[in-house]
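[1] Sequence and computational prediction follow.
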Amino acid sequence: MPEVDRAAANRAAIAARRARADLKHRLRSGETSPLKVLEQAQTPGTPAASLRITDFLLSFPSIGQVKSERLLEELAISDRKRLGGLGRQQRTRLEGFVRRRLGTDAAGDRPPLTVLAGPTAVGKGTVAAYIREHFPEVKLSVSATTRRPRPGEIDGVHYFFVDDERFDRMLAADELLEWATVHNKYRYGTPRGPVVQAAERGELVLLEIDLQGARQVRASMPAARLVFLAPPSWDELVNRLVGRGTEDAEERDRRLETAKVELAAAEEFDEVIINDEVPRAAARLVELMRGER
Ligand SMILES: Nc1ncnc2c1ncn2[C@@H]1O[C@H](COP(=O)(O)OP(=O)(O)OP(=O)(O)O)[C@@H](O)[C@H]1O
Ligand SMILES: Nc1nc2c(ncn2[C@@H]2O[C@H](COP(=O)(O)O)[C@@H](O)[C@H]2O)c(=O)[nH]1
């Protein structure tokens, strides 16, 4: 190849590498959607078309090397493939996987799931318990936690109570949709399988989780709806925390510090419900879940 052509080819290869690196970055940061990238990959010569399938999968939060190899096996796609070189059936299988992962194939326009979060003692658990009793059509996700059961709590109903080793195994097997260490103490996480399956069946799925978890759900399932439960006032929040009587003074102070940060995050949410009265707040939440405005 003449010297001039070789230099031009080198420059083009460097530009293509940069464009791919930029695309990977935008995918990881959530700036661009995986579905959009799959669509772009159908046009030959685009950065999306030349993106390696492994780089595409590794851009999903919580997909690592091991998980991506397993997925490629399940999807019957070679790890040497680039997105633009997939066969029609491979593309369909990959797109199905992406849609399930993003939760965009649930029934109608309804979000695949709803997250209820808010500061400590605002009444998330109370509102969730009211919904469990009065709105049986709502499927409440049962979280796994490393904390011990409180009196009256039933394993498999209120939580799956697990030890640290079991929680570690769930993480390693990518069984959790999201997880967090809450109040610097115990770990809590949402088992992925039941939630994704219920969403695929078009059921109304509710996750009652903390702010860190809500943010993870937003990142991995952008179609999910995030609802913030707010107290009528700061003083009322303090009264509820003190009135509940389950924490000592030191723990209460710690939770109230976190609560200030959490209250400031309300604007990240799609909806805010003020928990003045439990039946009213619960009914409003279910209304939103049913798609009634
Ligand atoms: N609308 C309400 N009016 C008055 N009291 C309420 C209301 N909702 C909840 N409470 C009371 O506030 C206290 C805290 O409620 P709850 O334990 O459900 O909060 P939470 O948000 O789940 O807290 P945490 O995140 O710390 O687990 C409880 O004593 C509950 O009975
Ligand atoms: N990120 C997650 N947070 C969760 C989950 N399940 C519950 N929680 C939150 O933990 C605190 C404390 O709950 P408690 O029952 O010990 O009082 C509360 O804010 C819950 O919302 C979860 O799966 N993921």
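    Yep, it's here. Ligands and ions are numbered 1, 2, ... in the order given.

[2] need the longest helix for this structure.
    helix 3-29 (DSSP state H).

[3] got the buried residues for that helix?
    In terms of neighbour count (16 or more other C-beta atoms under 10 Å), helix 3-29 has its buried residues at 20, 23-24, 26-27. Using the backbone N, CA and C atoms, a C-beta is placed for each residue, glycine as well.

[4] With stretch 261-277 instead?
    In stretch 261-277, counting by 16+ other C-beta under 10 Å, buried: 262-263, 265-266, 269, 273, 275.

[5] circling back to that earlier point, TSV for the buried residues of helix 3-29, including distance to residue 208 and pLDDT?
    Below are these laid out as TSV (distance: C-beta to C-beta, whole Å; pLDDT from 0 to 100):
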residue	distance to residue 208	pLDDT
20	40	88
23	36	89
24	34	87
26	32	85
27	30	83
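
[6] Give me the pLDDT for residue 75.
    Per-residue confidence (pLDDT) for residue 75: 93.

[7] what's the answer for residue 110, then?
    pLDDT, residue 110: 66.

[8] please renumber so the chain begins at 223
    Sounds good: first residue 223 from here, last item residue 332.

[9] ok, which stretches of the chain are strands?
    Here the chain has its strands, by DSSP state E, at 336-339, 360-362, 365-367, 381-383, 398-404, 408-413, 426-430, 447-452, 493-496.

[10] how about CSV for those strands, with distance to ligand 1 and mean pLDDT added?
    Putting the strands of the chain into CSV (distance: least, C-beta to the nearest ligand atom, whole Å; pLDDT from 0 to 100) gives the following:
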stretch, distance to ligand 1, mean pLDDT
strand 336-339, 9, 97
strand 360-362, 13, 95
strand 365-367, 11, 98
strand 381-383, 11, 97
strand 398-404, 8, 94
strand 408-413, 10, 96
strand 426-430, 7, 96
strand 447-452, 7, 96
strand 493-496, 9, 96
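
[11] Tell me which of those strands sits most buried.
    strand 336-339 (a mean of 26; mean count of other C-beta atoms under 10 Å).

[12] Now that one - C-alpha only, PDB.
    What follows is strand 336-339, C-alpha atoms only, in PDB (Å, rounded to 0.1, in the frame of the first residue of the first chain):
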ATOM      1  CA  THR A 336     -42.900   1.300  40.600                       C
ATOM      2  CA  VAL A 337     -40.300   2.200  43.300                       C
ATOM      3  CA  LEU A 338     -41.500   3.800  46.500                       C
ATOM      4  CA  ALA A 339     -38.700   5.500  48.400                       C
END
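
[13] Return the list of strands paired to that strand, each annotated with direction.
    Applying DSSP bridges, strand 336-339 is found paired with strand 426-430 (parallel), strand 447-452 (parallel).

[14] Nearest to ligand 2: which residue in the stretch 323-472 of the chain?
    Across the stretch 323-472 of the chain, no residue is closer to ligand 2 than residue 435, which sits at 2.5 Å (C-beta to the nearest ligand atom).
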